[in-house]
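> Structural data only, the sequence is not supplied:
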């Protein structure tokens, strides 16, 4: 766990936040962070329910340009979102919100 001072220093390095973990917008979930050498790191957080609920941060890369890092993060989030909806697609490409059951 971070101390309040460490959290404040961490927040100063953030240049873009796509989503937050909390309603107060204190803890970023998917964000771009300025590294110490003037580059930018795109970070995505993934949730896992198995075996326990946990979150893991994944670096999408350290990039030279801030705009490229933001676009990389946005493209990753878009791909994840599309993959989540893929299970609900029918053969003709439409969304079916009543998924088939095993029985």
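Yep, it's here. Small disclaimer: the values here were computed from a predicted structure and weren't measured. Residues are numbered from 1 along each chain as shown.

> Going by C-alpha atoms from here, please, whenever you check contacts or count neighbours.
OK.

> which SS class is residue 47?
strand (DSSP: H, G, I helix; E, B strand; the rest coil).

> Please point out which parts of stretch 16-29 sit buried.
Judged by neighbour count using 16 or more other CA atoms under 10 Å, the buried positions of stretch 16-29 are 16-17, 28-29.

> and if you look at stretch 36-46?
40-45.

> Those: which two are farthest apart?
40 and 45 (16.4 Å; CA to CA).

> wait, residue 43 sits on residue 32?
Yes. Counting by CA atoms under 8 Å, residue 43 touches residue 32, with 6.0 Å between them.

> The longest helix seen in the chain: how far from the chain's middle?
Ranked by residue count, the top helix of the chain under DSSP state H comes out as helix 66-86. Here helix 66-86 is found 8 Å from its chain centre; the criterion is CA atoms, centre = their mean, to the nearest Å.

> That one packs against which elements?
strand 28-34, strand 40-48, strand 54-63 (3 or more CA pairs under 8 Å, 6 or more residues apart in numbering; DSSP states H and E).
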